[in-house]
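Peer 1: One predicted model, sequence on top.
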Amino acid sequence: MMTPRYDYNIKEEFFKTLENEFGGAIIAKKYLESKDISVFAEWGKKLMEKTYELGIKPEYNDHMYDMIKLSADKTGEIRFPHEAQRFIEIACLSIHLMSVVLIQTSYNKELSFSIVEDTCTVHNKLKEALSEEEIKSLPCKGGCLTTWKTIFDILKMDNVEVRQTQEIPKDGMCTFLAQKK
């Protein structure tokens with residue numbers, strides 16, 4: 001069943017569910033209590049799995065997602081990057097409480113997007129409690145990379161390589177690049 005023709009909005013309840021379970025302040029607190037860097041990778045994987053699990057449910061569908069799936073089924077194209085981009089944007093909007101994800105590129109060979117320093121709730125919370133040296137090491141980096149890699153794994157896009165090209169401590173933003181091999 002497709003969603004109503006002009007319903008391009010995702011229900012706020014979806015975002016709140018993710019925020020309540022995976023919000024940036026939650027994972028930052030968990031790390032600060034344990035100082036175990038592995039908590040970020042576990043968090044990232046579970047965040048994207050939950051985002052996907054909820055995101056494919058009919059009650060959280062939006063017309064745009066229906067059109068992506070329909071176009072992909074008819075043409076064999078656009079699953080990369082658009083289907084993954086939808087889930088990445090939902091995850092970012094939920095955990096960072098940002099109003100927009102800064103998409104740099106989005107075409108059939110490449111997807112790149114950035115999270116600017118002041119909009120990253122994880123980094124902001126860590127910065128409040130860690131020394132300058134500790135924050136420069138960007139302990140949360142593995143969590144983001146795991147999150148983005150997980151959606152490509154879920155979607156069985158084995159031919160996509162994900163890497164980080166910029167980091168907040170050096171560049172003022174974290175930029176991630178997903179390229180089709």
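Peer 2: Happy to help now that I have it. Please read these numbers as outputs of a predicted model, since none were measured by experiment. Numbering: from 1, shown residues only.

Peer 1: Quick check: the closest residue to residue 11 other than its chain neighbours vs residue 91, distance?
Peer 2: Leaving aside its sequence neighbours, residue 11 sits nearest to residue 60 (C-beta to C-beta, 6 or more residues apart in numbering; 6.0 Å). C-betas here are computed from N, CA, C, even on glycine. Separation of residue 60 from residue 91 (C-beta to C-beta, to the nearest Å): 13 Å.

Peer 1: So between the two, which is more surrounded?
Peer 2: Higher neighbour count among residue 60 and residue 91: residue 91, with 26 against 19, using other C-beta atoms under 10 Å.

Peer 1: Pretty sure the more buried one sits against residue 147.
Peer 2: Yes: counting by C-beta atoms under 8 Å, residue 147 is a contact partner of residue 91 at 6.2 Å.

Peer 1: Need the residues touching each of those two.
Peer 2: 47-48 (C-beta atoms under 8 Å, 6 or more residues apart in numbering).

Peer 1: and the residue nearest to residue 11, what does it touch?
Peer 2: Neighbour list for residue 60: 10-11, 14, 54 [criterion: C-beta under 8 Å, 6+ apart].

Peer 1: And for residue 146?
Peer 2: 40-41, 44-45, 48.

Peer 1: Retrieve the pLDDT associated with it.
Peer 2: The per-residue pLDDT reported for residue 146 equals 97.

Peer 1: Skip the chain neighbours and tell me the closest residue to it.
Peer 2: residue 44 (3.6 Å).

Peer 1: What is the burial count for the residue lying closest to residue 79 once chain neighbours are set aside?
Peer 2: The shortest distance from residue 79 to any non-neighbouring residue, by C-beta to C-beta, 6+ apart, is to residue 72 (4.4 Å). Neighbour count for residue 72, taken as other C-beta under 10 Å: 15.

Peer 1: do the same with residue 170
Peer 2: The local packing of residue 170 (other C-beta under 10 Å) involves 9 other residues.

Peer 1: Assumed it was part of a helix.
Peer 2: Yes: applying DSSP: H, G, I helix; E, B strand; the rest coil, one finds residue 170 inside a helix.

Peer 1: Give me the pLDDT value at it.
Peer 2: For residue 170, the pLDDT comes out at 96.

Peer 1: just to revisit the earlier point, roughly how far apart are the residue nearest to residue 79 and residue 81?
Peer 2: Computed as C-beta to C-beta, the residue 72 to residue 81 distance reads 11 Å.

Peer 1: Quick check: buried residues in the helix or strand containing residue 73?
Peer 2: If you go by DSSP states H and E, residue 73 is part of helix 63-75. Across helix 63-75, burial judged by 16 or more other C-beta atoms under 10 Å covers 65-66, 68-69.

Peer 1: now, the most widely separated pair of those residues?
Peer 2: Largest separation among these by C-beta to C-beta: 66 and 68, giving 7.4 Å.
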